[in-house]
Structures are given as C-alpha cells and as structure tokens.
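S.K.: Sharing a sequence plus its predicted fold:
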Amino acid sequence: MKEILALDIDDTSLGYGEQFIEYVNEIMGLNISRESFISYDLDISFGCTPQQARDLVNNFNNLYLERIEPIEGAVEGIKTLKDRYSLVNVTSRPADLDDRTRNYMERRFPGCFSATYLVKKEAPGLSKGEFCQKIGARILVDDFVGNLDDCGRLGISAYLFGNWPFSRFEHDSDLREKYHFIQRARDWSELVEKLMA
Ligand SMILES: [Mg+2]
C-alpha cells in the first residue's frame, strides 16, 4: 500500500499568494511584493484592519478561486509523486469552500488526489499535523511553518515549501532548534527530488 502524502493547496500546489497580492495591489492601489508578506495575519502584512483583510480574502475567493494557476512545476511534480504516494489535499481553507475546492483541484490535477480534506470542515479544532495523524498521512508539505509545528512530536515528516517571509526561521537560533525536524523544499523540482530519493 502506498504511503499517504498530504499536500497543502494554497502556495504549495496553487499560486494563491502571488495572485492575491496582485489583486490587493490593484484594489488598494498598493505596490507590495511577496517580501512584504511578513505575517500570516494579513492586516499586519498589508497595514489594513482585520475586517478589511477578511473582506479582501472573501472578495478574492468569490471572484478568482477558480482562476488560480498551479505553481510552476506542480502539475508535473504531482504526476510524478502519484506513482509512489497516495496523494491527499489537506487545506485550512474555510469550510464553505469545500465543493469549489474539490472540483477545482480535480479539474487542474485530474485523477491525482485520492481525497481533498478541508480540516476546518472535517475536524474543527485539530491542527494540520493532528489531522494528518488521524488520516494516517506520514508526510506533510506546507508553505506555512506554523502548520508544521507539531509534526515533530507526531512523527510526521515535515517539508516546508517555498520561501515566504512569514515562514523563515533560519535567522533565529531558538526557531532553528524548535524546527529542527523540518526539511525545506524551495520549489517543485527540489520537493520531487527529495520525496522520490
Ligand atoms: Mg498554504
């Protein structure tokens, strides 16, 4: 039986962040770059109120959720990984995006995923790591380091994807120690190389 590999969706398989920044710049007349994304809390990264941040996300999701392009290398990479692993999507997207998320992932990556889980819907209150444990996934790939927090404790292999400012920890010795179990994959070719080794 194939090992279960859990992939985050946004900014791991799909380029949500880049496209969301473009949208925010257009709507708010800003000129922020991905380097401004210092916090996963958007009001901090964008200098707006929490309510404005929520509105921006909701409006972007309503308009563009089905137009977010896969990250470079993701389509080929996922096809390659599928030969060795049983792939599942594990996302923190809001529960009400369930059908849209499933349908879109099937359309962009036909036949590649055996399941798509919205943790907030399937198991509210569980962390991604805890949810992976529950479904028997042995590996989790995610761009947000906070989602990998308890993988070490739970014995789940953790791969930090990409290189967003809010997920960097190498500069801080306390964080380096805390996240000693995390492996990095800055892009899809690196991720595939490591997971197929
Ligand atoms: Mg993500």
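M.R.: Thanks, I have it. Residues are numbered from 1 along each chain as shown.
S.K.: only C-alpha atoms for contact and neighbour calcs from this point on.
M.R.: OK.
S.K.: Grab the nearest non-local neighbour of the residue in the chain positioned nearest to the ion.
M.R.: Nearest residue of the chain to the ion: residue 10, at 4.1 Å (Cα to the ion). Distances taken as Cα to Cα, 6 or more residues apart in numbering put residue 16 closest to residue 10, at 5.3 Å, once the chain neighbours are dropped.
S.K.: Repeat that for residue 127.
M.R.: residue 147 (7.1 Å).
S.K.: pretty sure the one you found is touching residue 130, no?
M.R.: No - assessed by Cα atoms under 8 Å, residue 147 is found out of contact with residue 130, at 10.0 Å.
S.K.: Let me see the contact set for the residue of the chain closest to the ion.
M.R.: By Cα atoms under 8 Å, 6 or more residues apart in numbering, the residues touching residue 10 are 16, 17, 91.
S.K.: neighbour-wise, which of those residues leads?
M.R.: Using other Cα atoms under 10 Å as the neighbour criterion, residue 91 leads the contacts of residue 10 with 23 neighbours.
S.K.: thinking that residue is in contact with residue 118, fair?
M.R.: Yes - the pair residue 91 and residue 118 passes the contact test of Cα under 8 Å, sitting 5.1 Å apart.
S.K.: Kindly report the residues of the protein close to the ion.
M.R.: 10, 11, 143 (Cα under 5 Å from the ion).
S.K.: and of those residues, the nearest to residue 33?
M.R.: residue 11 (15.0 Å; Cα to Cα).
S.K.: count of neighbours near that closest one?
M.R.: 18.
S.K.: same thing with the one 3 residues further on?
M.R.: For residue 14, the number of neighbouring residues by other Cα under 10 Å comes to 21.
S.K.: What distance do you get for the closest residue to it other than its chain neighbours to residue 194?
M.R.: Among residues not flanking residue 14 along the chain, residue 70 sits closest, at 4.1 Å (Cα to Cα, 6+ apart). Computed as Cα to Cα, to the nearest Å, the residue 70 to residue 194 distance reads 20 Å.
S.K.: List the buried residues for the lowest-mean-pLDDT helix or strand in the chain?
M.R.: Of all helical and strand segments in the chain, the minimum by mean pLDDT, DSSP states H and E falls on helix 42-46, at a mean of 88. Using 16 or more other Cα atoms under 10 Å as the test for burial, helix 42-46 gives 42, 45, 46.
S.K.: Closest one of the residues you listed to residue 34?
M.R.: residue 45 (9.7 Å).
S.K.: I'd guessed that closest one sits against residue 36; true?
M.R.: Yes - taking contacts as Cα under 8 Å, residue 45 lies within contact range of residue 36: 6.0 Å.
S.K.: how about the strands in this structure?
M.R.: Assigned by DSSP state E, the chain shows strands spanning 3-7, 85-91, 113-118, 137-142, 157-161, 182-185.
S.K.: Mind listing the strands the fourth one pairs with, and their directions?
M.R.: For strand 137-142, the pairing partners within the sheet under DSSP bridges are strand 3-7 (parallel), strand 157-161 (parallel).
S.K.: Highest mean neighbour count out of those?
M.R.: Of the strands paired with strand 137-142, the one with the most neighbours on average (mean count of other Cα atoms under 10 Å) is strand 157-161, at a mean of 24.
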